[in-house]
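Visitor: Structure here, sequence nowhere to be found:
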């Protein structure tokens with residue numbers, strides 16, 4: 001078997017995943033943990049081929065990720081429906097020689113679930129928001145605003161990614177002394193700010209952070 005034939009055979013065996021990415025850069029960064037989990041979740045098979053469908057504004061985030069196979073830039077205007085353009089893109093995805101087997105729709109809007117649905121992707125996973133439950137094959141219940149987890153966990157749930165380990169902090173004696181000194185200075189600053197609301201300029205020297213100059217609001 002030649003090298004090209006072997007590569008084509010491996011690609012045909014690998015799972016092909018389409019990820020519909022969020023629009024904002026901060027949210028896009030929070031999805032990288034999910035992509036890493038999808039790339040390594042099944043060690044017994046070839047790593048999946050992960051394609052990102054995203055706007056031009058966040059494409060650079062995914063191109064810099066080593067787990068992303070390719071990036072498909074969607075020429076959609078933010079907030080626009082553009083049904084004809086979405087149907088045209090879905091038709092192009094449906095005609096691929098190696099079709100996608102799974103789609104993760106990370107945004108919650110109804111319109112973002114249309115392309116995977118029209119493209120005929122068998123497994124479509126996302127949160128059941130905005131009445132788009134019929135467009136998904138696996139619907140995760142959307143948590144309420146009071147129970148909404150951190151964004152890293154929010155996206156990780158879609159790929160059954162375990163929650164990240166929490167950071168622990170063991171305070172040292174030096175850090176405790178600095179915190180105590182900072183608290184005393186803060187109390188002093190509040191008194192001065194009441195007495196001298198415009199003239200008060202106080203420097204907090206919080207080790208190991210550089211001094212932060214704080215001026216009272218006018």
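Guide: Yep, it's here. Computed from a predicted structure; not experimentally measured.
Visitor: So what touches stretch 47-63?
Guide: 11, 14-25, 28-29, 32, 35, 38-40, 42, 67-76, 78, 98, 100, 115 (C-beta atoms under 8 Å, 6 or more residues apart in numbering). Every residue, glycine included, has its C-beta placed from N, CA and C.
Visitor: Take the residues you listed and keep only those in helices.
Guide: 11, 25, 28, 29, 32, 35, 38, 39, 40, 115 (DSSP state H).
Visitor: For these, which single residue is the most surrounded?
Guide: The most neighbours of any of these, using other C-beta atoms under 10 Å, belong to residue 115, which has 28 neighbours.
Visitor: Pop the domain breakdown of this structure in here.
Guide: Each structural domain of the chain that the record assigns through automatic domain parsing is listed here as a residue range: 12-159, 173-214.
Visitor: Out of these, which gets the lowest mean score?
Guide: The stretch with the lowest mean pLDDT among those is domain 173-214, at a mean of 48.
Visitor: Tell me where this structure has strands.
Guide: Secondary structure of the chain, counting by DSSP state E: strands at 16-20, 49-54, 70-73, 102-105, 123-127, 138-140, 202-204, 212-214.
Visitor: Could you dump these into CSV with mean neighbour count and distance to residue 87 added?
Guide: As requested, the strands of the chain are arranged in CSV below (neighbours: other C-beta atoms under 10 Å; distance: least, C-beta to C-beta, whole Å):
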stretch, mean neighbour count, distance to residue 87
strand 16-20, 23, 15
strand 49-54, 23, 14
strand 70-73, 15, 16
strand 102-105, 24, 16
strand 123-127, 21, 16
strand 138-140, 14, 23
strand 202-204, 14, 57
strand 212-214, 11, 53
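Visitor: Would you convert these into TSV that also reports distance to residue 147?
Guide: What follows is the strands of the chain, written out as TSV (distance: least, C-beta to C-beta, whole Å):
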stretch	distance to residue 147
strand 16-20	24
strand 49-54	28
strand 70-73	33
strand 102-105	21
strand 123-127	13
strand 138-140	13
strand 202-204	36
strand 212-214	34
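Visitor: nearest to residue 155, of these?
Guide: Relative to residue 155, the nearest member of these by C-beta to C-beta is strand 102-105, separated by 8.6 Å.
Visitor: Starting from that closest one, tell me which strands it pairs with and how they run.
Guide: Sheet neighbours of strand 102-105, with direction, are listed as strand 16-20 (parallel), strand 123-127 (parallel) (DSSP bridges).
Visitor: nearest to residue 148, of the ones you listed?
Guide: With C-beta to C-beta as the criterion, residue 148 lies closest to strand 123-127 of these, at 10.8 Å.
Visitor: Need the contact partners of the closest one.
Guide: 101-106, 108, 113, 116-117, 132, 135-142, 158.
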